[in-house]
Each structure stands twice: as structure tokens, then as C-alpha cells.
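Student: Got a sequence here, can you build the structure:
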Amino acid sequence: MGSQIVRIFRQGVWASLTGGWFYDPHHDIFTNTVHMYSWLFFLCFPLTLYIIIATGWAALLVYCCTITATFAVVKVINYRVHLSFDKKAKEDESNKQV
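Tutor: Take a look at the predicted model:
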């Protein structure tokens with residue numbers, strides 16, 4: 001019971017308070033590190049732009065372009081990985097039929 005409450009606090013409450021980041025012991029250190037640094041980027045980047053760029057519209061434009069480019073890169077990588085795994089699955093199926 002106590003460990004379940006700690007797990008709910010760590011994965012539910014802490015993730016809600018921090019905007020989605022929590023340490024997941026079921027994933028390897030690389031996954032947790034990438035998740036943490038991407039969370040820090042999305043948290044700190046708007047504040048950094050607000051401090052550096054005095055004009056609100058310029059900061060908004062830079063922020064939107066950067067976030068769009070970041071999501072585009074992630075989508076392209078995701079597409080390529082899925083495409084390579086789909087080709088591998090088709091090759092495995094064709095080898096089984098022969």
C-alpha cells in the first residue's frame with residue numbers, strides 16, 4: 001500500500017507538477033536523460049527568449065519556428081524508424097513463406 005502511494009505520487013503528482021517529467025525506473029538511463037533534457041528545453045526556452053529578445057512578436061516568431069522545427073525533426077526520425085522496422089517485418093514474413 002505504501003509503495004503504491006509513493007509510485008502514484010512519483011508518476012502522477014510529480015509529473016503533473018513538473019509538466020510531464022518523472023524518472024521511470026523501467027526505462028534505461030538514455031531514455032530518462034533524453035526525456036529530462038527535452039523537458040528542460042521546453043520549460044526554459046520560452047523564458048530564455050523572453051529575457052533575451054525584447055520584442056514580444058520576435059520572441060513568439062522564434063519560439064514558433066523552433067518548436068515547429070523540433071517537432072518536424074522528431075516526426076521525420078519517427079517515420080524513418082517505423083519505415084525501417086516495417087521493411088524488416090516484411091522481409092521476415094517473406095522468408096517464412098519460402
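Student: According to the record, where do the domains of this structure fall?
Tutor: 1-52, 55-98 (automatic domain parsing).
Student: Kindly reformat these as JSON lines containing mean pLDDT and mean neighbour count.
Tutor: C-beta coordinates here come from the backbone N, C-alpha and C atoms, glycine included. Below are those laid out as JSON lines (pLDDT from 0 to 100; neighbours: other C-beta atoms under 10 Å):
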{"stretch": "domain 1-52", "mean pLDDT": "80", "mean neighbour count": "12"}
{"stretch": "domain 55-98", "mean pLDDT": "84", "mean neighbour count": "10"}
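Student: which other helices and strands contact the helix or strand that T48 is a member of?
Tutor: Here T48, judged by DSSP states H and E, is contained in helix 29-52. Here helix 29-52 touches helix 56-97, going by 3 or more C-beta pairs under 8 Å, 6 or more residues apart in numbering; DSSP states H and E.
Student: Kindly calculate the angle that the helix it packs on makes with helix 29-52.
Tutor: 160 degrees (axes from the mean of the first three to the mean of the last three C-alpha atoms, to 10 degrees).
Student: so what secondary structure elements neighbour helix 56-97?
Tutor: Taking 3+ C-beta pairs under 8 Å, 6+ apart as the contact cut, helix 56-97 packs with helix 29-52.
Student: isn't T66 right up against F45?
Tutor: Yes. Judged on C-beta atoms under 8 Å, T66 makes contact with F45 at a distance of 7.0 Å.
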